[in-house]
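>>> sequence and predicted structure, then a few things I'm wondering about:
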Amino acid sequence: MYRLSQYKETDKMGDLICENYPILLVVSRFGISLGFGDKDVAQVCADNGVDTPTFLAVVNLLLDEDESAAPADAPLSVGALVRYLQNSHAYFLDFRLPVIRRELADALGSDHGDVSFAVLRFFDEYAAEVRRHMLYEEEKVFPYVRSLLEGRKKGRYRIDIFRRQHDQVEARLTELKNILIRYYPDSGSNELNSALFDIFSCERDLASHNRIEDHLFVPAVVELERKNGSQ
């Protein structure tokens, strides 16, 4: 994360990614294809059917390390945020966590049988916890939000219920990382270091995912509830 000022719709999309390569994940989760040449952010978003203010709100929030970052100036597309979050869930559950699990299994091997088994069991329990967290959003939160977008009320559910119980799913990944660094008896293999690097990256990515939900998604849904007279 290198640029201090916020990005605008007139900035080149290629420059944004080259200056901040983690934004590749954001681009992918918005369903934006690479190969956009020298087009600016607004042009690329328009070509891919993505709401530009919402895309920039996500990008600028993730590039701002200040937890008290100001909310976006322009109204956000709740539908675009739901699609972004759903694609993020698929990334974590179907790709990133399974890849880390395979890396850990290869790196730990059977040299330290009991310890290796315990680490993998810890990771599997953590992955199951993340899946439960995200399935709750898929089965409860997102259908509720879609009902609001369609102008319908769905039961007595409110987004404040989600906000109050929203936990930080990256916390146990931090614990696993510390266990491996402090207690696993390894001579420093490239395989284990690679797995640890991906755990660090995933930990930060999950924290960023939670920031988007807390600072962009929930406030946007609260506003949608207000407009629908649901509060």
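Structure's in. What do you need? What you see is a predicted model; the values in this text were computed from it and never measured.
>>> how about the worst-scoring helix or strand of the chain on mean pLDDT: buried residues?
The weakest-scoring helix or strand in the chain, judged by mean pLDDT, DSSP states H and E, is helix 171-183 (a mean of 82). With burial defined by 16 or more other Cβ atoms under 10 Å, the residues of helix 171-183 counted as buried are 172, 173, 176, 177, 180. In short, each C-beta sits where N, CA and C put it, glycine included.
>>> and the second one, what does it touch?
With contacts taken as Cβ atoms under 8 Å, 6 or more residues apart in numbering, residue 173 has the following neighbours: 126, 199, 202, 203, 206.
>>> at 10 Å what do you get?
By Cβ atoms under 10 Å, 6 or more residues apart in numbering, residue 173 lies in contact with 97, 100, 123, 126-127, 129-130, 199-200, 202-204, 206-207.
>>> would you list every one of the strands in the chain?
In the chain, no strands are defined using DSSP state E.
>>> low-confidence ranges, it, go.
For the chain, the stretches flagged by pLDDT under 70 are 1-5, 65-74, 110-112, 153-154, 185-188, 230-231.
>>> centre-most residue in it?
residue 209 (2.9 Å; Cα atoms, centre = their mean).
>>> reformat the buried residues of helix 171-183 as CSV; add distance to residue 192.
Formatted as CSV, the buried residues of helix 171-183 follow (distance: Cβ to Cβ, whole Å):
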residue, distance to residue 192
172, 19
173, 16
176, 12
177, 12
180, 7
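>>> most widely separated two among those?
172 and 180 (13.0 Å; Cβ to Cβ).
>>> identify the residues contacting stretch 36-50?
Under the contact criterion Cβ under 10 Å, 6+ apart, stretch 36-50 has outside partners 7-17, 27, 30-34, 51-56, 59, 77, 80, 83-84.
>>> go with 6 Å
Contacts with stretch 36-50, where a contact means Cβ atoms under 6 Å, 6 or more residues apart in numbering, come from 9, 10, 11, 12, 13, 30, 32, 52, 55.
>>> which of these has the most neighbours?
Counting neighbours by other Cβ atoms under 10 Å, residue 55 leads those with 26 neighbours.
>>> which residues in this protein form helices?
Ranges of helices in the chain, per DSSP state H, are 13-19, 23-29, 41-47, 52-63, 78-91, 97-108, 113-136, 142-149, 159-165, 171-183, 190-212, 218-227.
>>> quickly compare those and say which is most buried.
Here the criterion is mean neighbour count by mean count of other Cβ atoms under 10 Å, and of those the winner is helix 52-63, at a mean of 22.
>>> now that helix and helix 190-212, what's the angle there?
Relative orientation of helix 52-63 versus helix 190-212 (axes from the mean of the first three to the mean of the last three Cα atoms, to 10 degrees): 130 degrees.
>>> please save the CA atoms from helix 52-63 in CSV.
Provided in CSV are the C-alpha atoms of helix 52-63 (Å, rounded to 0.1, in the frame of the first residue of the first chain):
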residue,chain,number,x,y,z
THR,A,52,-17.8,3.3,-9.9
PRO,A,53,-18.4,5.0,-6.5
THR,A,54,-18.8,1.6,-4.8
PHE,A,55,-15.6,0.3,-6.4
LEU,A,56,-13.6,3.4,-5.3
ALA,A,57,-15.1,3.3,-1.8
VAL,A,58,-13.8,-0.3,-1.3
VAL,A,59,-10.4,0.5,-2.8
ASN,A,60,-9.9,3.7,-0.8
LEU,A,61,-11.1,2.1,2.4
LEU,A,62,-8.6,-0.8,2.0
LEU,A,63,-5.8,1.5,1.2
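>>> from the contact counts, what lies against it?
helix 23-29, helix 41-47 (3 or more Cβ pairs under 6 Å, 6 or more residues apart in numbering; DSSP states H and E).
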